[in-house]
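Trainee: Curious how this folds, go ahead:
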Amino acid sequence: MVVDGNTSMLFYLGMLLKRLEYHVSTSRSAEEALRMMEETVPSLVLTDIALPRMSGINLLKRIKDTPKLTTVPVILITAESDPGMKDTCLRAGCAAYLGKPVEPGALYRAIQSATESLPRENIRLSTSLKVLVGDGTTLGGGARTEYATAISEGGLYVRTLYPLPRNTLAPISIFMGDHEIRAKAVVLYTFSVGAGPFLEPGMGLKFVEIGEGDRKVIQDFIKEQLTSDLTPAPDLNP
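Mentor: Below you'll find the model as predicted:
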């Protein structure tokens, strides 16, 4: 559940979370959010501090004081810069405290940490990127042109009928716009036709050697894909 009195920010956060594959409900006030939670208990609440009447901090306290809601993690976001506010929120039991504008990566990690027993560190983005696997010097022979169907800062999933064996270390080149990213990656797992999370044959690879500049290119690409058409208006107190 996302709670924010700024309509533009509410839309931005709601759409961003949907693109991160979360099911989202939204509310413009703490009071409305509490009424909604009488019917359905969310897995997590993401709320601004500056709400129209009841503040986000008071909403957090109400959630923690309500028996059926007390275990629901609450992440607070704010445009305020008061350093004491963070301590107040953490003492009240918030799962995380984030500043606006909210970075997709930081938001994703906070949600994962609050809701998953084995949280993911990086956003995994569905995509289609040309990838050159191998250079003729490692197991698998010459370089092959394949396509990555998912990518994160930590690795990628390559769709292929000819996956390399697990634990194979392979040089790869990823073609991302005007950039050619060169890295070395190790094969973590392989899937046959109809198996795996994407129901397509291929292999999951983890980067073991990649330049910081190239990692930043991937990070920026993921952020651009998630937010390019989402432009929240400046946050104003309601």
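
Trainee: which non-adjacent residue is nearest Lys61?
Mentor: Ala92 (5.8 Å; Cβ to Cβ, 6 or more residues apart in numbering). C-beta here means a position set from N, CA and C on the backbone, and glycine is covered the same way.

Trainee: count of residues packed around that neighbour?
Mentor: By other Cβ atoms under 10 Å, the residues close to Ala92 number 15.

Trainee: next one: Arg53
Mentor: Neighbours of Arg53 (other Cβ under 10 Å): 10.

Trainee: one step back: I'd assumed Arg62 was in contact with the residue nearest to Lys61.
Mentor: No: Ala92 lies out of contact with Arg62 (Cβ atoms under 8 Å); the separation is 10.6 Å.

Trainee: Now do the contacts for the spatially most central residue of the chain.
Mentor: Among the residues of the chain, the one closest to the centroid is Tyr108, at 3.4 Å (Cα atoms, centre = their mean). Counting by Cβ atoms under 8 Å, 6 or more residues apart in numbering, Tyr108 makes contact with 20, 120, 122-123.

Trainee: Which positions within the helix or strand where it lies qualify as buried?
Mentor: For Tyr108, the host element (DSSP states H and E) is helix 104-115. The neighbour-count check on helix 104-115 (16 or more other Cβ atoms under 10 Å) flags 104-105, 107-112, 114 as buried.

Trainee: and if you look at stretch 209-228?
Mentor: Buried residues in stretch 209-228 (16+ other Cβ under 10 Å): 210, 214, 217-219, 221-222, 226-227.

Trainee: Return the distance of stretch 40-59 from the chain's centre.
Mentor: Centre-to-centre, stretch 40-59 and its host chain are 21 Å apart (Cα atoms, centre = their mean, to the nearest Å).

Trainee: what's the domain layout of the protein?
Mentor: Recorded structural domains for the chain (assignment: automatic domain parsing) are 2-121, 125-225.

Trainee: and the closest residue to Val193 other than its chain neighbours, what does it touch?
Mentor: In this structure, Val193 finds its nearest non-sequential neighbour in Pro201, 4.9 Å apart by Cβ to Cβ, 6+ apart. Contact analysis of Pro201 by Cβ under 8 Å, 6+ apart lists 159-161, 163, 191-193, 195.
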